[in-house]
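[1] Fold the following and give me the result.
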Amino acid sequence: PKHASTPRYVQVFYGRLFFNLSSLYDFARHTALNKKENIERSIVGRTLSTYEVEPETKGFRRSLNFIGQVRYIQSAGARLRSLQKSAEHWQPIWSDNPELLLEQLAKGVLRMEQAFMHHFATSSQSGSYYSALLQMLEKRFPEPGKAAGLANQLLTSIGAIESADPLARLGDLADEILQHPGFDNTFVNAKLSEARSLLEHNAPEPVRQKFAEFIQRHGHRGVREAEFLEPTWEEAPESLLGMLQQIVRSGRKSNQSASQGANLPKLKAGEAFVAKLSRAAVIKREKSKAFAIRIMHRLRQGYRHLGDLAKNQGLIEETEDVFFLLPEEHKLLFAGQLPNPKAVVEGRRRSFTTASTFQFPDLFQGRPFPKLPQIRKNLEEGQWAGVPVSPGKVKAQVRLVRNMEDASALKSGEIMVSGFTDIGWTPYY
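    Numbering: from 1, shown residues only. Next comes the predicted model:
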């Protein structure tokens, strides 16, 4: 429920979001045509041999719930249009008055929540179609992992997908730089601290224009982009510029090597139809995420403005300290009623730093608990184990990427192994 004190389906532990699969089984319990296996395929990517889930709601009510579910899933298109309109038209001018600014931020939080509710709807459509596609392919390809591999290939390298656009735009920018002999050498040899100024002020006009277009469209994104504390590409472009230098140095645009149709069997009519729906749903999902992140970025700017005001008044030491205080604490802070705010921020910073190092298993029972380092006894010396996120097989040098500094050392052809990835890693793969 919207105003439930404890969210049922997505919950927060250690500053991370977790799906509560046990609660998601409600759909199988109360909604017609919903099966436990389909929910698992949508969320986990495979079926689980856990406890059985029996229907609890019968008859007409179960069918009525299904109609409501279908209406919700099919609302993805309308929600995406509404979200796009919100992202394009919300251009807040943040007040210098702390009291008024806090009111603006409270309204901004509601807008952000609505934006992510729209994104969740498009994600639900994508997950539902993926589950249906996987179920169809498993009937024809029962070998373990075969159907999932085919489904992933069908949904890879979608030309209009938003998450692939940064890499394509970066490649276009690299191509433009290569059209200007002399400047290309100057750029690839520039220090990262100087590269942005070079592109904005000393580059040929076509290069300046393409770089400005990239920042305008994708500058609000970055690594761990859904965290207020993390800087965006526009705010900290060093990793992005480092990758651009590598692309220019290679002398060609960086393209994904995977071919959408390579080694794929011919699909039956029903499979092809569901695959088409799945690909369209993935496009909607990625676009909705981009719009939601844009709204979140503008809200982030508002909170940074709040942090600047607090810092200028000597209430906190750093602008980012504002992210370690709750909304109700912000009011107390400016009223001079928050006891020892610097100690509060320092303690929460330490906790945040510690929690950021935690890693969790993909699936667990009970309250999430960080997994302890383990030695895989079944691995031979030199072998690695993990979760593949790209289809196909390849033999190459492995690059272990723990942070952006490691990522900057990536070379063409290497296999990137990381604890997590998101849109901010796109230029590296």
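[2] any idea how far residue 329 lies from residue 323?
    11 Å (Cβ to Cβ, to the nearest Å). C-betas here are computed from N, CA, C, even on glycine.
[3] and if you look at residue 136?
    The gap separating residue 136 from residue 323 is 45 Å, by Cβ to Cβ.
[4] Tell me where the model's unsure across the stretch 101-250 of the chain.
    Across the stretch 101-250 of the chain, residues meeting the criterion (pLDDT under 70) sit at 157-161, 163-164.
[5] burial count for residue 281?
    Look at residue 281: counted by other Cβ atoms under 10 Å, it has 23 neighbours.
[6] SS state for it?
    Counting by DSSP: H, G, I helix; E, B strand; the rest coil, the backbone at residue 281 sits in helix.
[7] Wait, it touches residue 124, no?
    No: contact status for residue 281 versus residue 124: not in contact, 9.2 Å apart, counting by Cβ atoms under 8 Å.
[8] Between the two, which contacts overlap?
    Common contacts of residue 281 and residue 124 (Cβ atoms under 8 Å, 6 or more residues apart in numbering): residue 76.
[9] And the pLDDT at the residue nearest to residue 98 when sequence neighbours are not counted?
    Counting by Cβ to Cβ, 6 or more residues apart in numbering, residue 334 is the residue found nearest to residue 98 once chain neighbours are left out, at 4.4 Å. On the pLDDT scale, residue 334 is placed at 97.
[10] This structure: strands as residue ranges?
    10-13, 16-19, 398-401, 415-418 (DSSP state E).
[11] Any chance of those in JSON lines with mean neighbour count, distance to residue 91 and mean pLDDT as columns?
    Below are those laid out as JSON lines (neighbours: other Cβ atoms under 10 Å; distance: least, Cβ to Cβ, whole Å; pLDDT from 0 to 100):
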{"stretch": "strand 10-13", "mean neighbour count": "13", "distance to residue 91": "29", "mean pLDDT": "90"}
{"stretch": "strand 16-19", "mean neighbour count": "13", "distance to residue 91": "28", "mean pLDDT": "90"}
{"stretch": "strand 398-401", "mean neighbour count": "15", "distance to residue 91": "36", "mean pLDDT": "84"}
{"stretch": "strand 415-418", "mean neighbour count": "16", "distance to residue 91": "35", "mean pLDDT": "84"}
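[12] More neighbours: which of residue 329 and residue 323?
    Taking other Cβ under 10 Å, residue 329 and residue 323 do not tie; residue 323 has more neighbours (20 against 15).
[13] quick one: the more buried one and residue 303 touch, right?
    Yes: in this structure, residue 323 is within contact of residue 303 by Cβ under 8 Å, at 6.6 Å.
[14] what residues are shared contacts of these two?
    Taking Cβ under 8 Å, 6+ apart as the criterion, residue 323 and residue 303 both touch residue 228.
[15] and residue 113, how many neighbours?
    12.
[16] cool, and residue 80?
    By other Cβ under 10 Å, neighbour count at residue 80 equals 21.
[17] and what of residue 115?
    The local packing of residue 115 (other Cβ under 10 Å) involves 25 other residues.
[18] The nearest residue to it once chain neighbours are set aside: neighbouring residues, count only.
    Spatial nearest neighbour of residue 115, excluding adjacent residues (Cβ to Cβ, 6+ apart): residue 292 at 4.2 Å. Other residues near residue 292 come to 24 when the count uses other Cβ under 10 Å.
[19] Relative to residue 148, how far out is residue 292?
    Taking Cβ to Cβ, one finds residue 292 at 27 Å from residue 148.
[20] next one: residue 179
    In this view, residue 179 and residue 148 are 42 Å apart by Cβ to Cβ.
[21] Give me the more crowded residue out of these two.
    A count of neighbours by other Cβ under 10 Å puts residue 148 above the other of residue 179 and residue 148, at 18 against 11.
[22] quick one: contacts for the more buried one?
    Counting by Cβ under 8 Å, 6+ apart, residue 148 makes contact with 45-46, 134.
[23] same thing but at 10 Å, please
    Each residue near residue 148 by Cβ atoms under 10 Å, 6 or more residues apart in numbering is listed here: 41, 45-46, 130, 134, 137-138, 141, 391.
[24] What's the PyMOL syntax to select whichever of those are buried?
    Those of those that count as buried under 16 or more other Cβ atoms under 10 Å are selected in PyMOL with:
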select buried, resi 41+130+134+137+138+141+391
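[25] okay, the contacts of residue 148 in JSON lines with distance to residue 319 next?
    JSON lines is the format used below for these (distance: Cβ to Cβ, whole Å):
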{"residue": "41", "distance to residue 319": "44"}
{"residue": "45", "distance to residue 319": "40"}
{"residue": "46", "distance to residue 319": "44"}
{"residue": "130", "distance to residue 319": "41"}
{"residue": "134", "distance to residue 319": "46"}
{"residue": "137", "distance to residue 319": "50"}
{"residue": "138", "distance to residue 319": "51"}
{"residue": "141", "distance to residue 319": "53"}
{"residue": "391", "distance to residue 319": "42"}
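[26] Can you flag which of the contacts of residue 148 belong to helices?
    41, 130, 134, 137-138 (DSSP state H).
[27] now for the residues you listed, which pair is the farthest apart?
    By the measure Cβ to Cβ, 130 and 138 form the most distant pair in the ones in helices among the contacts of residue 148, at 12.3 Å.
[28] Need the residues touching each of the two.
    Here residue 130 and residue 138 share the contacting residues 41, 148, 151, scored by Cβ under 10 Å, 6+ apart.
[29] check contacts around the residue lying farthest from the centre of the chain.
    Here the chain reaches farthest from its C-alpha mean at residue 59, the gap being 39.1 Å by Cα atoms, centre = their mean. Neighbour list for residue 59: residue 32 [criterion: Cβ under 10 Å, 6+ apart].
[30] ok, now residue 290?
    When contacts are counted by Cβ under 10 Å, 6+ apart, residue 290 touches 83-84, 87, 119, 162-163, 165-166, 217-218, 220-221, 225, 423.
[31] Quick one, which of those are buried?
    Here, 16+ other Cβ under 10 Å leaves 83-84, 87, 119, 162-163, 165-166, 218, 220-221, 225, 423 buried among the contacts of residue 290.
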